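Engineer: give me coordinates for this.
(one chain, ligands or ions: 3)
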Amino acid sequence: MTTTGYNILRNPFLNKGTAFSTAEREQFGLTGTLPSQVQTIEEQADQAYKQFQAKSPLLEKRIFLMNLFNENVTLFYHLMDQHVSEFMPIVYDPVVAESIEQYNEIYTNPQNAAFLSVDHPENIENTLKNAADGRDIKLVVVTDAEGILGMGDWGVNGVDIAVGKLMVYTAAAGIDPATVLPVSIDAGTNNKTLLENPLYLGNKHERIAGQKYLEFIDKFVAAEQKLFPESLLHWEDFGRSNAQVILDKYKDSIATFNDDIQGTGMIVLAGIFGALNISKEKLVDQKFVTFGAGTAGMGIVNQIFSELKQAGLSDAEARSHFYLVDKQGLLFDDTEDLTEAQKSFTRSREEFVNSEQLDNLQAVVDEIHPTVLIGTSTQPGTFTETIVKSMAQNTKRPIIFPLSNPTKLAEATAENLIKWTDGKALIATGIPADNVTYKGVTYKIGQGNNALIYPGLGFGLVASTAKLLTQETISAAIHALGGLVDVNEPGAAVLPPVSNLTEFSQKIAEITAQSVVKQGLNREKIDDPKQAVQDAKWSAEY
Ligand SMILES: NC(=O)c1ccc[n+]([C@@H]2O[C@H](COP(=O)([O-])OP(=O)(O)OC[C@H]3O[C@@H](n4cnc5c(N)ncnc54)[C@H](O)[C@@H]3O)[C@@H](O)[C@H]2O)c1
Ligand SMILES: O=C(O)C[C@H](O)C(=O)O
Ligand SMILES: [Mn+2]
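Structural biologist: Numbering: from 1, shown residues only. Ligands and ions are numbered 1, 2, ... in the order given. This next block holds a predicted model:
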């Protein structure tokens, strides 16, 4: 690749636009290809921000930012650094959901993503090479888009979630954007609307499943590891039947993690610790009801389970703290269609005189008196006033996390939860929520979204050249998020605010890297893990 003239202006990783100095313009054959004034990155950022502000609605703002990214990656991140709380919901959840729904209609140059087709396994390696274009890839986010947020199957459109997750990695933790690669696995789609859309850009056939699909995944992992042997492989928004199977297959042999299972489990446990700091209670004294025992729900349960065991409980004691509710109601040993993950946490019918009636959330909450209620069900409005009030009657500070995304799928709003519990609920929501003022107290609402933890974790793994991600490292990273909120302030949030994302991501990255090195899981020699994180950090300057 030549890096002179228009090639450099069109390469988003190298382009500085009007910020190329006169000397650089001469050096790169750009003399006369730009207006004469040389701008600073600050001037460019101010100008771009004004253009951004002039756009509405939010989806237009997102398209503007994606085009800016496609033109000039450094400027995009420089601007995002200055406006992280404002840009997060646009680059990422919830506006990313709209851009996925309208992907074909608003199609823009796809941010250097790699598109793999299940129909052409022979192209995997070449595709990854083409998309990397000689860059040294350290982090891959891959999606097959079978379970995009709570919106189901979005075929090739789902690539935007891989792109968005990676943008958050750089904005939050500072991974060099030239070292990352978003990947779409187009396995077909069962989304009828997409199949019938003449504009649909993905494979126009039903989703391929079973052996052929798993063989494709195997080939992908082999090629990814061969081409980028030092990379971390992050799985996002796979369907319930594949997510855990894939993670279990690779987690003990390569550096990999599933964000919906592990990232979500981590942030929820961190949020629960935050809530318990406020209520001055202990984890071992809690009773958990998880509503929606799928990929995220079971990731959360397993993470809490593992922490309860660390606190000294036996397997059986730890299991006794959980009540899973899914479509069938409370999950019992004899419930039909249990997933492998659910089977370890079912209840016995003998525990209840009325087990037949426990087929809905209301009945379960009335019977169990949970202290913690987690929603990962994709079912909007299901934490009703009656359910929430029933919970609040039986526990002083109910911990209630409606986590389903995007906005339209949340089990409840923070505002209603505060109102219905007379300010007692300790809340985290999946998408950002405004402060709630109630009876003179302003309640800050923590964002229980894996974006608060995966960037620090992933960057720490990359910076420390980790070979594997262990439970020990996961646990260390969760605890890194503790102690960052002043719990004595009335209305304190259970998690630190997104405006501090870069600071706490740095802390999580350092603790992750320290844990990797302590376990001897680094590929390269590292004397000072904190320094290794510092050295790997990219900043959005020319
Ligand atoms: N806040 C976060 O960080 C975060 C992270 C991951 C997932 N999520 C959200 O959690 C939700 C679930 O995601 P997932 O990946 O686990 O999906 P999933 O499909 O694996 O799981 C959803 C589960 O909900 C169950 N369910 C569906 N309808 C139900 C009903 N009426 N009553 C009870 N249960 C029902 C399904 O059977 C399934 O087990 C999504 O909305 C997603 O956006 C949030
Ligand atoms: O993408 C998000 O906002 C969080 C999570 O990974 C999800 O699938 O909902
Ligand atoms: Mn996800």
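
Engineer: how about stretch 94-106, does it reach ligand 1?
Structural biologist: No: where contact is defined by CB under 6 Å from any ligand atom, no part of stretch 94-106 touches ligand 1; the two come within 8.8 Å at best. In short, each C-beta sits where N, CA and C put it, glycine included.

Engineer: from the chain's centroid, how far away is that stretch?
Structural biologist: Computed by CA atoms, centre = their mean, to the nearest Å, the separation of stretch 94-106 from the middle of its chain amounts to 17 Å.

Engineer: equivalent analysis for stretch 527-539, please.
Structural biologist: 23 Å.

Engineer: same check, this time on stretch 113-131
Structural biologist: In terms of CA atoms, centre = their mean, the centre of stretch 113-131 is found 24 Å from the chain centre.

Engineer: end to end on that stretch, go ahead and measure it.
Structural biologist: End-to-end distance for stretch 113-131: 6 Å, by CA to CA, to the nearest Å.

Engineer: tell me the average confidence for it?
Structural biologist: Regarding stretch 113-131, the rounded mean pLDDT is 98.

Engineer: quick one: buried residues of it?
Structural biologist: Residues of stretch 113-131 classed as buried: 113, 114, 115, 116, 117, 118, 121, 124, 125, 127, 128, 131 (neighbour count, 16 or more other CB atoms under 10 Å).

Engineer: what's the answer for stretch 26-38, then?
Structural biologist: For stretch 26-38, a neighbour-count test (16+ other CB under 10 Å) marks 28, 30, 34, 38 as buried.

Engineer: which other residues reach that stretch?
Structural biologist: With contacts defined as CB atoms under 8 Å, 6 or more residues apart in numbering, stretch 26-38 is touched by 3-6, 8-9, 17-22, 24-25.

Engineer: what residues does this structure put near ligand 1?
Structural biologist: Residues of the chain lying near ligand 1 (CB under 6 Å from any ligand atom): 147, 149-150, 240, 260, 264, 267, 291-297, 326-327, 376-379, 403-405, 409, 430, 448-450.

Engineer: how about the one helix or strand residue 272 maps to and ligand 3, touching?
Structural biologist: Element membership of residue 272, judged by DSSP states H and E, is helix 264-279. No: applying CB under 5 Å from the ion, one finds helix 264-279 out of contact with ligand 3, separated by at least 7.6 Å.

Engineer: right, and the helix or strand after that helix?
Structural biologist: Going down the chain from helix 264-279, the next helix or strand is strand 288-291, by DSSP H and E.

Engineer: centre of the chain to that following strand, how far?
Structural biologist: That offset, for strand 288-291, works out to 21 Å (CA atoms, centre = their mean).

Engineer: elements contacting the very next helix or strand once past it?
Structural biologist: With elements assigned by DSSP H and E, the helix or strand that comes after strand 288-291 is helix 295-310. Applying 3 or more CB pairs under 8 Å, 6 or more residues apart in numbering; DSSP states H and E, one finds that helix 295-310 makes contact with helix 240-250, helix 264-279, strand 288-291, helix 315-319, strand 322-326, helix 340-343, helix 471-480.

Engineer: which parts of the last one are buried?
Structural biologist: In other words, helix 471-480. Neighbour counts over helix 471-480 (16+ other CB under 10 Å) mark 473, 474, 475, 476, 477, 478, 480 as buried.

Engineer: next: the first one.
Structural biologist: The neighbour-count check on helix 240-250 (16+ other CB under 10 Å) flags 240, 242, 243, 244, 246, 247, 250 as buried.

Engineer: got the contact list for whatever helix or strand comes next after it?
Structural biologist: Once the chain leaves helix 240-250, the next helix or strand it forms, by DSSP H and E, is strand 256-258. The contact list for strand 256-258, computed with CB under 8 Å, 6+ apart, reads 232-236, 238, 243-244, 246-247, 250-251, 263, 295, 299, 454, 457-458, 469.

Engineer: for the lengthiest strand in the chain, name the packing helices and strands.
Structural biologist: Scanning the chain for the strand with the most residues, using DSSP state E, yields strand 180-186. Under the contact definition 3+ CB pairs under 8 Å, 6+ apart, strand 180-186 sits against strand 114-117, helix 124-132, strand 139-143, helix 159-173, helix 210-227.

Engineer: OK, contacts around residue 379?
Structural biologist: Residue 379 makes contact with 291, 292, 404, 409, 411, according to CB under 8 Å, 6+ apart.

Engineer: per-residue pLDDT, it?
Structural biologist: Looking at residue 379, its pLDDT reads 98.

Engineer: what about it, which SS state?
Structural biologist: Here residue 379 is coil, with the state taken from DSSP: H, G, I helix; E, B strand; the rest coil.

Engineer: does residue 262 fall in a helix, a strand, or a coil region?
Structural biologist: With three-state DSSP as the basis, residue 262 sits in helix.

Engineer: tell me, how many residues neighbour it?
Structural biologist: Neighbourhood size, residue 262 [other CB atoms under 10 Å]: 26.

Engineer: so it sits right up against residue 296, yeah?
Structural biologist: No: applying CB atoms under 8 Å, one finds residue 262 not in contact with residue 296, separated by 10.1 Å.

Engineer: I figured residue 153 hits residue 146, correct?
Structural biologist: Yes: using CB under 8 Å, residue 153 makes contact with residue 146 at a distance of 5.3 Å.

Engineer: mutual contacts of these two, please.
Structural biologist: Contacts common to residue 153 and residue 146, judged by CB under 8 Å, 6+ apart, are 207, 239.

Engineer: picking that back up, closest to residue 386 out of the buried residues of helix 240-250?
Structural biologist: residue 240 (28.6 Å; CB to CB).

Engineer: now the closest one: how far from residue 338?
Structural biologist: Remark: distance between residue 240 and residue 338 (CB to CB, to the nearest Å) = 12 Å.

Engineer: which residues touch residue 515?
Structural biologist: Listed by CB under 8 Å, 6+ apart, the contact partners of residue 515 are 470, 472, 473, 476, 477.

Engineer: most widely separated two among the residues you listed?
Structural biologist: Once CB to CB is applied, the contacts of residue 515 give 470 and 477 as the farthest pair, at 10.9 Å.

Engineer: more neighbours: which of residue 153 and residue 146?
Structural biologist: residue 146 (26 against 21).

Engineer: for that one, which non-adjacent residue is closest in space?
Structural biologist: residue 239 (3.3 Å; CB to CB, 6 or more residues apart in numbering).

Engineer: tell me the confidence at that neighbour?
Structural biologist: Value for residue 239, per-residue pLDDT: 98.

Engineer: so it sits right up against residue 143, yeah?
Structural biologist: No: between residue 239 and residue 143 there is no contact under CB under 8 Å: 10.6 Å.

Engineer: so what's the residue count around the closest residue to ligand 1 within the stretch 151-300 of the chain?
Structural biologist: In the stretch 151-300 of the chain, the residue that lies nearest ligand 1 is residue 294 (1.9 Å; CB to the nearest ligand atom). When counting by other CB under 10 Å, one arrives at 25 neighbours for residue 294.

Engineer: with residue 439 instead?
Structural biologist: Residue 439: 8 surrounding residues under other CB under 10 Å.

Engineer: show me what contacts the closest residue to it other than its chain neighbours?
Structural biologist: Once flanking residues are discounted, residue 439 sits nearest to residue 423: 6.3 Å by CB to CB, 6+ apart. Contacts here follow CB under 8 Å, 6+ apart; on that basis residue 423 touches 438, 439, 441, 443.

Engineer: what's the distance between residue 302 and ligand 2?
Structural biologist: For residue 302, the distance to ligand 2 equals 16 Å [CB to the nearest ligand atom, to the nearest Å].
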